[in-house]
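# quick one, structure for this:
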Amino acid sequence: MELWLGDVSQEVSTGDLPEWNEVDALVEAAYRRYRSVGDGAVADYIPALAAADPEQFGACVVGTDGGVHSSGDTQIEFSIQSISKAFVYALACQELGHELVRERVGVNNSGAAFNSVIAIELNDGHPMNPMVNAGAIATTALVPGASADERWEAVQMGLSEFAGRPLELDAAVYRSESESNQRNRAIAQLLASYGRVELDPDEVVDVYTKQCSLKVDARDLAVMGATLADGGVNPLTGRRVVPPGVCRDTLAVLSATGLYERCGEWLQGAVVVD
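Numbers count the residues shown, from 1 in each chain. Next up is the predicted model:
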């Protein structure tokens, strides 16, 4: 499905958002334009996700000044899933530095599906970037901690700091994903065979699965994005979560690889949605 945007007036603002009422109107217009779109299907590769209500839809924008602009179902929680990859990457870069994480995980687009095993083999065991599952698992393995429990606590606390509130585990999604994540476990074992994961691969996947099962709503994600946009300072709490250089690295890797093999189409404005 391709969403036509040719009749949408382009709004560009550099440095600061437009006036409050204008942002509110733009968010409301976006919500109204797309709330009736019913194409596609909910994800079912994790059984618990298949129960999601496809009618739920909302739009939320948070500015670096802490202003919240929202419309629709923006306070209904769901599991964060792959969006967590960017923020755990930021946490790993903060702890271990730009060079080590780039060498271990990479920053280049694999040109393959997010859960590809072949891409690992074609690149001599290198996961290529932190947005695909292989790279995300390798990134989670880099989170400091003396045990899997400590690494999970670091991930949960770090993402909560990005959101500006404590994030809780969705136990039902975690159980469902744990029972159906054979591919991720295979990816972790393959990475371990290449020396890209030095910890117990099953423990790493368990932490990664919990990471993806944290509950957020649209407002939380907007706050997390605004934290990156503001150089690492959460606009609601005023606390610094990560340094500006980490935000630069994270935003760069999101641009290059955040939509997997479709990044170029997105950046050129050909919004293609499967």
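# any stretches of this structure with poor pLDDT?
Per-residue confidence of the chain (counting by pLDDT under 70) places the weak regions at 1-6, 13-14, 269-274.
# enumerate every residue touching the residue nearest the centre of it.
In the chain, the C-alpha closest to the average C-alpha coordinate belongs to residue 83, at a distance of 1.5 Å (CA atoms, centre = their mean). Residues counted as contacts of residue 83 (CB atoms under 8 Å, 6 or more residues apart in numbering) are 216, 221. Any C-beta I mention is one placed from the backbone N, CA and C, and that applies to glycine too.
# which SS state does it fall under?
Of the three states, residue 83 takes helix according to DSSP: H, G, I helix; E, B strand; the rest coil.
# how much space between it and residue 163?
Taking CB to CB, to the nearest Å as the criterion, residue 83 is separated from residue 163 by 11 Å.
# which element is residue 247 on?
If you go by DSSP states H and E, residue 247 is part of helix 244-257.
# report the contact partners of the closest residue to residue 96 other than its chain neighbours.
For residue 96, ignoring the flanking residues on the chain, the nearest one in space by CB to CB, 6 or more residues apart in numbering is residue 142 at 5.9 Å. Neighbour list for residue 142: 92, 95, 96, 100, 101, 104, 105 [criterion: CB under 8 Å, 6+ apart].
# thought the last one was touching residue 138?
Just to be clear, that refers to residue 105. Yes. With the criterion set as CB atoms under 8 Å, residue 105 and residue 138 qualify as a contacting pair; they are 5.1 Å apart.
# of these two, which one has the most company?
In this view residue 105 and residue 138 are compared by other CB atoms under 10 Å, and residue 138 has more residues nearby, 31 against 27.
# for the nearest residue to the more buried one once chain neighbours are set aside, helix, strand, or coil?
Closest residue in space to residue 138, ignoring its immediate chain neighbours: residue 127 at 4.7 Å, by CB to CB, 6+ apart. For residue 127, the secondary structure call by three-state DSSP comes out as coil.
# coming back round to it: give me the common contacts of residue 105 and residue 138.
Each of 127, 130 lies in contact with both residue 105 and residue 138 under the rule CB under 8 Å, 6+ apart.
# pairing partners for whichever strand or helix holds residue 71, with directions?
Element membership of residue 71, judged by DSSP H and E, is strand 68-72. The strands that strand 68-72 pairs with in its sheet are strand 58-62 (antiparallel) (by DSSP bridges).
# what does the partner strand contact?
Taking contacts as CB under 8 Å, 6+ apart, the residues outside strand 58-62 that touch it are 17, 23, 26-27, 30-31, 68-76, 218-219, 221-223, 225-226, 235-236.
# these in strands, which ones?
Secondary structure assignment (DSSP state E) places 68, 69, 70, 71, 72 from the contacts of strand 58-62 within strands.
# surely the fourth one touches residue 27?
The one in question is residue 71. Yes. The criterion here is CB under 8 Å, and residue 71 meets it with residue 27 at 5.3 Å.
# ranges for the helices of this protein?
For the chain, helices defined by DSSP state H occupy the ranges 20-34, 84-96, 98-105, 118-122, 133-140, 148-163, 171-178, 182-193, 201-212, 218-229, 244-257, 263-267.
# please identify the deepest-packed of those helices.
Ranked by mean neighbour count, those are led by helix 133-140 with a mean of 29 (mean count of other CB atoms under 10 Å).
# I'd like the distance from that one to the chain centre, please.
12 Å (CA atoms, centre = their mean, to the nearest Å).
# contacts for that helix next, please.
Applying CB under 8 Å, 6+ apart, the external contacts of helix 133-140 come out as 82, 84-85, 88-89, 92, 101, 104-106, 114-116, 119-120, 127-130, 151, 155, 183-184, 187-188, 190-191, 196-197, 204-205, 207-208, 211.
# and the angle from it to helix 148-163?
Here helix 133-140 runs at an angle of 100 degrees relative to helix 148-163 (axes from the mean of the first three to the mean of the last three CA atoms, to 10 degrees).
# one step back: and the helix holding residue 247, what does it pack against?
Helix 244-257 sits against helix 84-96, helix 98-105, helix 218-229, helix 263-267, with contacts defined as 3 or more CB pairs under 8 Å, 6 or more residues apart in numbering; DSSP states H and E.
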